[in-house]
Structures are given as C-alpha cells and as structure tokens.
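Asker: Quick check, what structure comes out for this input:
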Amino acid sequence: MNTPYLKRETKRKLKAFQEYKLSNFAASASIIFAILFGFAGYDLFEQTVSIPFLVVAGIYFVFGLLQLLVSLKIRSDVLKDNEIRASTRIFGFSLIVALLAGNIFITIAALDMLKKEKSIEYTLSIYMALTNFCVILISSLNLFKPYVADLFLLGMGILFAISLLHIVALVVIGLFVKKGEVPRKLLPLAYLLLLTSVTGNLFSLLLGLTLLHKIRHGNKEVLVTWVDIVRRLFRNAMATLGLLFITVLLSLSICSYFTFEYSLAIENNYSTLLLSPSLEYPFGTDDFGRCVFSRIVFGGRISLLVGILTTLIPVIIGGLSGTVSGFYGKYIDNFIMRALDILYAVPGMLLAIAIVAAFGANTTNLIIALSIGYIPTYARTMRATVMSVSNFEFIEAARACGAKDHAIIFKHIIPNSLAPIIVKATLTIGIAVISTSSLSYLGLGVEPHIPEWGNILKIGSAYLESKSYLAVYPGIAIILMVLSFNFFGDGLRDALDPKLK
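Answerer: Purely as a prediction, here's the structure:
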C-alpha cells in the first residue's frame, strides 16, 4: 500500500482524538520546564547548585516521560482499535498526582483522559478548578514569610470553599451533563458559579453563563452561538493555555488584596538585602530588601490594569470614529480619517514619551499616552468592516422599514463588526504590556516606588552579573503575559473565522 497514504490516514485518525494532542503537549511542556528548572538550579557565576530546583526538575522530567508513555499507548490503541482502551485511560488519569508537584500540564491531560465523551461544560469545569488551585498554591507560599496579611486566613478560607464548590461542580457536570444537554436542576449551580467569578475566574464565568443560557433556552445552542465559539477556542491547546495563564494572573491580582501583604513589596527592609531565592522569598529580595515575588504579583495587577484600559479606550473612541466614518462616508469620512492620519503619522512610542515627559510620569498619564497612539488603527479596522457590513441586505431591509441611522448603527452594524476588533484588542493588550514595561524601565512610566514589572526589571538589570534572577523573573513574567495574550488572540481569531468551523 502507498506509504504517503498510510501516513495521512494515521495522522487523520490521531487528529480525531483530543486526548492524543493534549497528551503530547503535556509531555513536551513538562520536559521543557524540567530543562528550564535544571538550568535555573545552577548558578553560572557562583558555580553553585540549588537542590530544590534540581528536585523539581527531576519530578517534572519523570512526569514528562510517563506522559510520553501515555501518548505512545494512546497512539497504539487508536491505530489498532480506533479508540482508547479503558486501561490506557486509567493509566493516564493516575498521573493526576502531578497536581501535587504543581504540574498543571500533566493534570489537564489526566483529567481529559477521565471521560470518553467530553462536553464543553466539562472542559470549562476542569480549567475552572485548576485556576483556583493555582491561586491557592501561589498564595500559600506566604505562609513561609515573617508575617502575612491581616485578611490572609479569611481570604484563604474563601478560596478553599470556592475550590470545594468547583470540585463538586466538576463531578456533577461529569455525571449529569450528557451530550451537551444541561438538566434544569443545575440552575442553582450556575448561579453559584457566576457568584464565584468575582475572584477573576473567567472559566467560572463562562461555565456559569453556558449552563444558565442552555437551561433557559432548552439546550438549543442555536440561540447561544457563542457556545460554539468557546468550543472551537478550546480545541487550540496554545490558546487555552494562554487563557489559563491570563485567568490565573487576573484571579491572583484580585485575591492578592486578601492573601498578600503589600508592605513586603514596597517597604525597605535593610536586614534582608539581596537575599537569594528561598521558601521565605521565592524570587529573592532586591537592593532595598523588598520581596521580589510579592512585587511581581502586585506588578501583574498594574500591568493588567494598564493593558486593559490602554486597549479599552482606543476600542471605544476609535471604534465609534470608524463606525461613523464608514457608515456616512463622503465629507464626514474624509474629515475623520484625515485627522486620524495626522495622529497616525507620529510614532506611538514617541508620542507616549512626549506626553509623559510633558505632563509627568504616573499611571494615569501613561494610560492616556499609550491609548492615543492606538486610536487610528482601531478606527481604520472598524471603518473597513463597517463599509463591508453596510452593503449587506439586512441593512437595506432595516432602512426600508424606516429605521433611524442610530438604530441601524447600534443594533445591526456594530454587533456584526466587532469580531475583528475583539481579536485585535487581545493582541493589543500584549503590546501595551511591553510598552508599559519599556516606559517604566526608562523612568517614564509608572512611578518608581510602585511595584510594576518594568520598574522591577530596571532594578534587576543592575545585578545581571551577580544576582541575575532579579532581572530574569520579571522578564519571564512579561514574556509569559505577552505570549499568553498573543496565543489567545490567535486562537480567538480562528474560532471567530467561519471558514475554519
């Protein structure tokens, strides 16, 4: 038989099983992180070895090899029986113990092996529970510090209660949600999940809305087409991982008001200057004795806030300008676009530097400075989409029925033109985070005393030869956030593309 045909047939069979793709990804990610932890455990300048890092590296490497074995068994089962055997699923699920080592990649793959037929509700419940677990795990590191926040016990108690609810929801959904049909008795659970989303858990919000809409509309997904978009989004492993990191960071930023002590991040402590990473100070301390780990956690709050607001402002202003320009055309279009062309001619970073230098370096001025530079791009994107949508038949029908211009714009044109803007917004947040960190590094962004990733990186850059981790950890945080938004934006673009359904 033709060898290329056999390869295509094998690839087609394996592609039909999400478990195989997720298992391969988990094995690869675990081995890569094991290598990174191994490198982090060796200090090149001081020629010393960190035993805890090497132990973690060894654990991740072993789990990576075990997960690779699961992938080989899945491949064998699929090619022989065109299904995954129960013994393979049990073996794959047994690796859930990797959760104790903080290996979320193996944990996700293990939970995915538990059920043969998985609904989008079950998938959302897995990531919802994992998000809360990650927040609890990170917050628990504060127990090793000299003192904790006044509301630490209350915050951790609430997190544990929410985690218990999420585990119960995972089990209940696995038992009662069959073929995407949600029974009406899960309505109280949907409201509880919506309530727990105040912690920043986006998966809890999506799951609660999905359950609520399906119950209210009699499981008719045609009435909630966004459910199908979410389903297609979660087929992309990198997009899902990006959303998981964003959600964990958002939830951690909100919960840190209760579980982290802010004084450890801003107050000088000359008895703990430049300490190496330990359980008490996981990322060490800087030249003022401040906990770098706490500063990065609180810095994530600033980066998210600036990134989201810097994107939201041009989305609103640029989106409305582009809508009016594209809908009315002629003189209005010419006036708006020429004015924006003048703004577009000035480089965004140069404009931001000029505004901050003129009005002072603070968070508000930084948000305004970065937002102005993004307005023309959103206006152009919205204008092009509106000009296309305006020629559709349903717009002509609305005009024939006597609808006013503002009604046509807000009821028909804007809702059908948002997809490109939403995708562009997710990508812009990552760019805004880089711009924020860059300006803060130059001393033109967030105030120096406020824990922000650019400020932390600036301090760490002075110790690259002796204490390189002071610059490495905030640098990794910036990279991970930007990559997460980029991966999520790419996945969302594919999920919204009707050609890729």
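
Asker: Low-confidence ranges, the stretch 401-501 of the chain, go.
Answerer: Across the stretch 401-501 of the chain, the ranges flagged by pLDDT under 70 are 497-501.

Asker: Just give the closest residue to residue 145, not the sequence neighbours.
Answerer: Computed as Cβ to Cβ, 6 or more residues apart in numbering, the closest residue to residue 145 that is not its neighbour in sequence is residue 280, at 5.9 Å. Quick note: C-beta positions are derived from backbone N, CA and C, even for glycine.

Asker: what helix or strand does the one you found sit in?
Answerer: Using DSSP states H and E, residue 280 falls within no helix or strand.

Asker: Got the confidence number for it?
Answerer: pLDDT for residue 280: 85.

Asker: so what's it up against?
Answerer: 144-146 (Cβ atoms under 8 Å, 6 or more residues apart in numbering).

Asker: neighbour-wise, which of those leads?
Answerer: Across those, the neighbour count under other Cβ atoms under 10 Å reaches its highest value at residue 145, namely 19 neighbours.

Asker: How about the contacts made by that one?
Answerer: Neighbour list for residue 145: 261, 264, 280-281, 291 [criterion: Cβ under 8 Å, 6+ apart].

Asker: do the same with residue 333
Answerer: 325-326, 383.

Asker: What helix or strand is it located in?
Answerer: Counting by DSSP H and E, residue 333 is found in helix 330-344.

Asker: Would you map the helices across the stretch 51-200 of the chain?
Answerer: Taking DSSP state H, counting those that start in this stretch, the helices of the stretch 51-200 of the chain run over residues 51-81, 86-94, 104-112, 120-140, 152-176, 187-196.

Asker: sec struct for residue 238, please.
Answerer: Put simply, residue 238 is helix when judged by DSSP: H, G, I helix; E, B strand; the rest coil.

Asker: Not counting sequence-adjacent ones, nearest residue to it?
Answerer: residue 487 is the one closest to residue 238 (Cβ to Cβ, 6+ apart), at 4.4 Å.

Asker: Go ahead and confirm that neighbour touches residue 246.
Answerer: No - if you go by Cβ atoms under 8 Å, residue 487 and residue 246 don't touch, sitting 9.5 Å apart.

Asker: Overlap of the contact sets of these two?
Answerer: Between them, residue 487 and residue 246 share no contacting residue, judged by Cβ under 8 Å, 6+ apart.

Asker: coming back round to it: where does the residue nearest to residue 238 fall, secondary structure wise?
Answerer: Using DSSP H and E, residue 487 falls in helix 469-496.

Asker: How far off centre is that helix?
Answerer: 8 Å (Cα atoms, centre = their mean, to the nearest Å).

Asker: and if you look at stretch 232-248?
Answerer: Distance, centroid of stretch 232-248 to centroid of chain: 7 Å (Cα atoms, centre = their mean).

Asker: start at 51 instead
Answerer: That works, and once the first residue is 51, the last one we named lands at stretch 282-298.

Asker: In it, which residues are buried?
Answerer: 282-284, 286-287, 289-298 (16 or more other Cβ atoms under 10 Å).

Asker: Could I have the CA atoms of that stretch written out in CSV?
Answerer: This file holds the C-alpha atoms of stretch 282-298, laid out as CSV (Å, rounded to 0.1, in the frame of the first residue of the first chain):
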residue,chain,number,x,y,z
ARG,A,282,-13.7,25.8,18.9
LEU,A,283,-11.4,28.0,21.0
PHE,A,284,-10.7,25.2,23.4
ARG,A,285,-9.6,22.9,20.5
ASN,A,286,-6.5,25.1,20.3
ALA,A,287,-4.1,24.0,23.1
MET,A,288,-1.9,27.1,23.0
ALA,A,289,-4.9,29.5,23.1
THR,A,290,-6.3,27.5,26.0
LEU,A,291,-3.0,27.6,27.9
GLY,A,292,-2.8,31.4,27.2
LEU,A,293,-6.3,31.9,28.6
LEU,A,294,-5.4,29.8,31.6
PHE,A,295,-2.4,32.0,32.4
ILE,A,296,-4.3,35.2,31.9
THR,A,297,-7.1,33.9,34.2
VAL,A,298,-4.7,32.8,36.9
